[in-house]
Each structure stands twice: as structure tokens, then as C-alpha cells.
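Enquirer: this one's structure only:
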């Protein structure tokens with residue numbers, strides 16, 4: 001594209017070292033590489049008994065693929081059989097034509113050949129949307145171990161180039177070759193790594209200011225009025241428990257007060273104000289940089305739902321549109337389930353706080369003098385460990401619940417399901433990670 005000038009935002013990212021590009025390479029469409037021998041590979045175990053149900057399902061699935069004009073090559077290696085799958089060019093020509101006549105995906109009107117990443121995505125969609133006579137698709141067959149694995153093949157040359165310029169530790173301080181990533185993995189993956197690079201780069205100012213705040217607390221470590229008041233106090237405090245606990249001096253918490261001063265001092269207020277401004281600037285600048293690349297790659301009007309419909313037609317020209325009917329009862333049920341899940345997470349937070357209080361009392365009443373003396377620290381460490389376990393377990397539970405709710409929801413398309421899952425998972429994880437902080441900050445004291 002001669003005479004094309006890159007977006008100023010992209011030039012700024014390159015100047016800052018967030019991305020690394022070569023000249024006007026940005027403006028080019030994804031290069032089309034020589035097609036690999038196979039677009040996709042399925043792996044299964046060999047069966048000696050051909051009357052076995054798994055073998056029949058495996059053969060039936062391969063027959064269904066052949067009916068769609070996919071070329072399937074069978075390679076046997078010891079006790080494994082590899083099915084190399086290659087799609088004919090007619091499938092990709094049909095995909096390109098439907099993109100051209102589409103209102104929301106017509107960016108490919110000046111693209112003559114489908115890129116390799118798109119080829120793989122099309123074949124993947126066909127494989128995962130090809131059922132056999134029992135109604136089972138590839139995912140169901142893999143769960144039942146009819147097929148052991150599925151994968152697409154890498155291009156060794158391009159993979160080696162990306163490993164040299166991107167996927168190595170010594171390249172951490174260099175900009176990311178976003179165009180090369182886009183050409184190999186596609187726009188969606190490239191935008192993710194663009195966001196990751198921008199986010200990591202903008203974390204540098206908060207890190208520097210955080211170090212300054214820490215050094216400020218360290219500089220006034222011994223001269224802080226709060227520390228002086230606690231460490232030199234003669235105040236006698238009440239026992240921590242009713243049995244076997246003795247009175248104690250406020251000065252016993254001198255070490256804890258000093259450590260807290262390093263991270264919670266007057267500079268922390270300024271740091272919090274800075275982070276509020278930083279979060280807003282980060283989001284607004286990211287929108288600008290994302291829009292620059294989206295326009296550069298001509299996917300600004302891209303619609304995932306419409307592309308999914310195109311893939312459905314490519315997969316089966318006689319496919320019928322999915323019937324979708326909004327159900328207020330189903331929506332209300334999902335809302336109730338989400339509310340119950342949030343209440344469970346908040347309940348675990350309350351249980352964690354109660355556990356810390358009870359652990360502090362039990363440790364203070366214990367016969368071990370060391371634990372009795374440092375009961376607060378011991379209860380805090382036990383609470384932190386329990387909180388870690390809750391986060392680990394609830395992350396898995398949140399994922400399963402979110403996926404189950406998305407199945408019940410019956411959205412219009414996979415893109416809508418993906419968005420719904422993201423919202424639910426983010427909500428559950430937010431309460432899992434931060435509900436204890438909110439409880440301690442605003443309700444406990």
C-alpha cells in the first residue's frame with residue numbers, strides 16, 4: 001500500500017518500545033504461506049476389535065468429514081493412528097465470498113487468499129461442528145477417548161522467527177512484533193498480546209512511585225510519631241482471652257507497627273490518588289492504541305456473531321438458523337443462581353474473618369508459650385493460608401458454575417456465550433479476591 005502513513009498512536013507505541021515493527025509492514029495484509037501438508041491432525045488409538053463401539057464411532061466421524069469433501073489421510077504408528085485433515089480450496093473460496101457480501105465482515109474484499117490462521121480456524125470450526133449419527137460431536141468423542149488429541153501443525157520457519165524475536169527471555173526488554181504475531185496467530189490473539197504489552201509497560205510508573213513510597217516509609221522509620229507512641233508506650237492492654245491469658249504491653253506490638261509503617265504511611269494516600277488517575281489514563285490510552293491497530297488491520301467493523309453464521313453456512317449449506325426465544329423465567333433463574341453464588345462467596349469471607357478471631361483466641365489460650373505470645377501473628381498467617389485455599393478452590397468452582405450457567409442461558413452464538421462467561425467469571429472472581437478486603441475496610445471495625 002504505497003503512500004500509506006501509519007497511525008500516530010502506533011508510531012508512539014513503537015517509540016516507547018511496546019511494539020517493534022519494520023517500516024510500513026503494518027499496512028500489509030497477513031501473508032499467505034504455502035499450505036501445510038495438513039490443516040489439522042486427529043490422534044486416536046488403534047483398535048484390534050473392529051466391532052468395538054469406539055472404533056465404529058471413530059470410523060463414522062471420519063466418514064462424515066469425507067462427506068464434506070475434506071481430504072483425510074490415515075497414518076498408523078505403533079498403537080496410534082493419525083488422521084491428517086486438509087480442506088479443499090472450495091471451502092475457503094466460499095468463506096471469502098460470504099465475507100464479501102457480509103455487511104459486518106467485508107474487510108476481506110481486497111484480500112485474495114485466506115491466511116493460514118484463518119484456514120485453521122475454519123477447519124477447526126468444521127471439526128467441532130460435525131456430529132455423527134448418535135448426535136455426538138468431536139468434543140464428546142474426545143471425552144469418551146474415541147480420539148486422544150487434536151492439534152494444528154506449526155510452520156517451523158515462522159515459529160523459529162517468532163521464538164527468536166519474541167518468545168525468549170532476552171526479548172523481554174524489546175518491543176513485541178505484533179504484526180508477526182497477527183500474521184501467525186490472527187487478530188484476536190495479537191490484540192490480546194498488544195493489551196498485555198501495554199499493560200505491562202504502564203505498570204512501570206506505579207512500580208517506581210510504589211518504591212518511592214516504600215523508601216519514604218523507610219526514611220521516617222524511626223521518627224514517625226505513630227511508631228514512637230506505640231514503642232514507648234507504658235499502656236497495659238487487656239488479656240486477649242478469658243482463660244490463661246495475661247495482660248500485655250502496647251509496646252509489644254512495636255515490631256508490627258514498624259513493618260506496617262513501611263507500606264502504610266502518609267505517602268500511601270498520594271499513591272492511591274495516583275492509581276485512580278493512572279487507571280483512567282490506562283483505559284483511555286488503550287482504547288486509542290487498540291483503535292489504531294484495529295483500523296490498520298481493517299477489522300474495525302468485524303462482527304464475530306456474523307462470522308460464526310458464515311462458518312455455519314460453510315460447514316453446512318443447508319443449515320437452519322438457530323431458534324432463539326428469550327425466556328424471562330430462565331433469565332430470572334440465572335440471576336437467582338448468580339446471586340446465591342455471590343452470597344456463598346461473601347459467606348466464606350465472613351467465615352474467614354470468624355476463623356481468624358477464633359484462631360487468635362485458641363492460640364492465646366494454648367499451652368505453647370511462643371504461640372500464646374504471638375497469637376495475633378499466628379492467626380493472621382493461618383487466615384492468609386486459608387484465604388489462599390479458598391481462592392484456589394473457588395476459582396475452579398467459579399469456572400464450573402459460570403460454564404453451567406452459560407449452558408442454561410442458551411445464548412444466540414458462541415461469541416455471546418463467550419461474553420456471558422467472561423462477565424460471570426469476572427464477577428465471581430472479583431468477590432472471591434476482594435470481598436474480604438471490603439469487609440475488613442468498611443464493615444469489620
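Expert: That came through fine. All values derive from a computational prediction rather than experimental measurement.

Enquirer: when you work out contacts or count neighbours from here on, use the C-alpha atoms and nothing else.
Expert: Fine.

Enquirer: average model confidence for the helix or strand containing residue 350?
Expert: Here residue 350, judged by DSSP states H and E, is contained in helix 328-365. Helix 328-365 comes out with an average pLDDT of 86.

Enquirer: which other helices and strands does that helix contact?
Expert: The contact analysis (3 or more CA pairs under 8 Å, 6 or more residues apart in numbering; DSSP states H and E) places helix 328-365 against helix 369-373, helix 375-409, helix 414-438.

Enquirer: so which of these gets nearest residue 42?
Expert: Go through these one by one with CA to CA and the one that ends up closest to residue 42 is helix 414-438, at 23.0 Å.

Enquirer: for that closest one, packing partners?
Expert: With 3+ CA pairs under 8 Å, 6+ apart as the test, helix 414-438 has helix 304-315, helix 328-365, helix 375-409 packed against it.

Enquirer: residue boundaries of the helices in the stretch 1-150 of the chain?
Expert: In the stretch 1-150 of the chain, helices defined by DSSP state H, counting those that start in this stretch lie at 8-16, 53-67, 89-100, 116-128, 138-143, listed in chain order.

Enquirer: right, and those - which one's nearest residue 277?
Expert: Ranking the helices of the stretch 1-150 of the chain by their distance to residue 277 (criterion: CA to CA) puts helix 8-16 first, at 20.4 Å.

Enquirer: hmm, back to that, out of the helices of the stretch 1-150 of the chain, deepest packed?
Expert: Comparing those by mean neighbour count (mean count of other CA atoms under 10 Å), helix 116-128 comes out on top with a mean of 19.

Enquirer: torsion angles phi and psi at residue 413?
Expert: Main-chain dihedrals, residue 413, degrees, to the nearest 10: phi -150, psi 170.

Enquirer: ok, back up a step: how about the helices and strands packed on helix 414-438, which one is nearest residue 437?
Expert: Evaluated with CA to CA, those place helix 328-365 nearest to residue 437, the distance being 9.1 Å.

Enquirer: list the buried residues for the closest one?
Expert: Of the residues in helix 328-365, those buried by neighbour count under the rule 16 or more other CA atoms under 10 Å are 334, 338, 341-342, 345-346, 348-350, 352-353, 355-356, 359-365.

Enquirer: hmm, back to that, export the helices and strands packed on helix 414-438 to a markdown table and tack on distance to residue 211?
Expert: Written out in a markdown table, the entries for the helices and strands packed on helix 414-438 read as follows (distance: least, CA to CA, whole Å):
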| stretch | distance to residue 211 |
| --- | --- |
| helix 304-315 | 43 |
| helix 328-365 | 30 |
| helix 375-409 | 24 |
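
Enquirer: closest one to residue 293 among the ones you listed?
Expert: Of those, the one closest to residue 293 (CA to CA) turns out to be helix 304-315, at 17.4 Å.

Enquirer: between that closest one and helix 414-438, how big is the angle?
Expert: Computed by axes from the mean of the first three to the mean of the last three CA atoms, to 10 degrees, the angle separating helix 304-315 from helix 414-438 equals 140 degrees.

Enquirer: same for helix 304-315, what does it pack against?
Expert: The helices and strands touching helix 304-315, judged by 3+ CA pairs under 8 Å, 6+ apart, are helix 89-100, helix 116-128, helix 414-438.

Enquirer: turn those into CSV, including mean pLDDT and distance to residue 295.
Expert: Formatted as CSV, the entries for those read as follows, by pLDDT from 0 to 100; distance: least, CA to CA, whole Å:
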stretch, mean pLDDT, distance to residue 295
helix 89-100, 86, 17
helix 116-128, 89, 19
helix 414-438, 89, 21
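
Enquirer: now distance to residue 222 too, for these, in CSV please.
Expert: Supplementary listing: these in CSV, determined by distance: least, CA to CA, whole Å:
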stretch, distance to residue 222
helix 89-100, 69
helix 116-128, 61
helix 414-438, 29
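
Enquirer: which stretches of the stretch 1-150 of the chain have low pLDDT?
Expert: Within the stretch 1-150 of the chain, the stretches with pLDDT under 70 are 1-18, 21-36, 103-113.

Enquirer: tell me which of the helices of the stretch 1-150 of the chain lies nearest to residue 188.
Expert: It is, among these and with distance given as CA to CA, helix 116-128, at 10.7 Å.

Enquirer: now the closest one: how far from the chain's centre is it?
Expert: Computed by CA atoms, centre = their mean, to the nearest Å, the separation of helix 116-128 from the middle of its chain amounts to 22 Å.

Enquirer: mind listing residues that contact stretch 408-421?
Expert: Counting contacts by CA atoms under 8 Å, 6 or more residues apart in numbering, the residues outside stretch 408-421 that touch it are 304-305, 308, 322, 324, 330-331, 334, 402-403, 406.

Enquirer: for stretch 278-287, same thing?
Expert: Where contact means CA under 8 Å, 6+ apart, the residues beyond stretch 278-287 that reach it are 195, 198-199, 202.

Enquirer: what is the most widely separated pair among the residues you listed?
Expert: Distance extremes for the contacts of stretch 278-287: the farthest pair is 195 and 202 at 10.6 Å, using CA to CA.

Enquirer: the helices and strands packed on helix 328-365: which one's closest to residue 83?
Expert: Proximity to residue 83, assessed across the helices and strands packed on helix 328-365 by CA to CA, is greatest for helix 414-438 (26.8 Å).

Enquirer: got the buried residues for that closest one?
Expert: Under 16+ other CA under 10 Å, the buried positions of helix 414-438 are 415, 417, 420-421, 424-425, 428-429, 431-433, 435-436.

Enquirer: pick out the most distant pair among those.
Expert: Using CA to CA, the buried residues of helix 414-438 span at most 32.8 Å, a distance reached by 415 and 436.
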